[in-house]
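A.B. asks: from the sequence below, what's the structure:
(one chain, ligands or ions: 1)
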Amino acid sequence: MTSIQLEKSPVQTPATLKYILETSCYPKEHEQLKQLREATAHKFEGSWEHFMSVPIDEAQFLSILLKTMNAKKTLEIGVFTGYSLLATALALPSDGKITAIDVDREAYEVGLPFIEKAGVEHKVEFILGDALSVLHDLVDGKQEESFDYVFVDAAKDQYIKYHEQVLKLMRKGGIVAYDNTLWAGSVAMSEDDEMGDHIKPYRKPLIEFNKFIASDSRIESIILSVGDGLTLCRKV
Ligand SMILES: C[S@@+](CC[C@H](N)C(=O)[O-])C[C@H]1O[C@@H](n2cnc3c(N)ncnc32)[C@H](O)[C@@H]1O
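C.D. replies: Numbering: from 1, shown residues only. As a prediction, this is how the structure comes out:
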């Protein structure tokens, strides 16, 4: 797992990231998160999906953020096997809720036993479906201004569209976190630079998203150099 995270980080040197993981992250990782991470690595070994879970340092950062802001009602867009979902559920109080959206139930079911073993499945409502249409349903279902925190980690070319709906759903002062906004460093490269085939298609949409967010006066925002780039937005 260490080597996967090292390949994934566009901003840390391998030595610095190894140091962060070994000194700060692995010793504090919840046992069920560790087991979920290992089960995911085993199930998807050798495939590109191997890289989809959020890195441990990012999950631990978000966990502290959730606790600091006393978040209770949360939303996750893009679940995969549930590493960020379980990290969020563990950070919420016992009456906290996380609505989790994904088109892939099979992947969610890989992580579900660990969510159950951690005793936090009662906080999770999994909704199978396309994120954008579920977001519209939530808006139509009168859930506006009710979410404290939203984590976005699904289709990278839909982020601007998600943003419009998410802003309606979030309360003032709420936080939305967008994952992968540095996209393996490609957002800072030129089109002709060498990059993997899986990186190219989403480079431009993410550059556009980053520009859009920087000029959106409805939020305060910052791109953090955590993991593959994490943009935090606070609704003003
Ligand atoms: C990067 S993974 C999420 C990783 C997850 N946050 C974690 O920590 O393990 C992206 C997920 O988004 C889902 N996804 C992609 N497009 C989607 C869409 N249009 N609607 C809902 N889910 C989508 C994929 O099925 C995949 O599980």
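A.B. asks: contact partners for Asp179?
C.D. replies: Contacts for Asp179 (CB atoms under 8 Å, 6 or more residues apart in numbering) come out as Val54, Glu58, Gly78, Ser84, Phe151, Val152, Asp153, Gly227, Asp228, Gly229, Leu230. Where you see a C-beta, it was placed from the backbone N, CA and C, and this is true even at glycine.
A.B. asks: cutoff 7 Å now
C.D. replies: Val54, Val152, Asp153, Asp228, Leu230 (CB atoms under 7 Å, 6 or more residues apart in numbering).
A.B. asks: okay, and the beta partners of it?
C.D. replies: Leu230 (DSSP bridges).
A.B. asks: what about the ligand: which of the contacts of Asp179 touch it?
C.D. replies: Val54, Asp153 (CB under 6 Å from any ligand atom).
A.B. asks: any idea how far the residue nearest to the spatial centre of the chain lies from Thr16?
C.D. replies: By CA atoms, centre = their mean, the chain has its centre lying nearest to Asp153, at 4.4 Å. Going from Asp153 to Thr16 by CB to CB, to the nearest Å gives 24 Å.
A.B. asks: among the contacts of Asp179, which one lies nearest to Pro205?
C.D. replies: Val152 (13.1 Å; CB to CB).
A.B. asks: show me what the closest one is bridged to.
C.D. replies: According to DSSP bridges, beta-bridge pairing links Val152 with Ile77, Tyr178.
A.B. asks: which residues sit in contact with it?
C.D. replies: Per CB under 7 Å, 6+ apart, neighbours of Val152: Ile77, Gly78, Tyr159, Tyr162, Val166, Val176, Ala177, Tyr178, Asp179.
A.B. asks: just checking, what packs against the helix ranked longest in the chain?
C.D. replies: Ranked by number of residues, the top helix in the chain under DSSP state H is helix 200-214. With contacts taken as 3 or more CB pairs under 7 Å, 6 or more residues apart in numbering; DSSP states H and E, helix 200-214 sits against helix 159-169, strand 219-224.
A.B. asks: all set, thanks.
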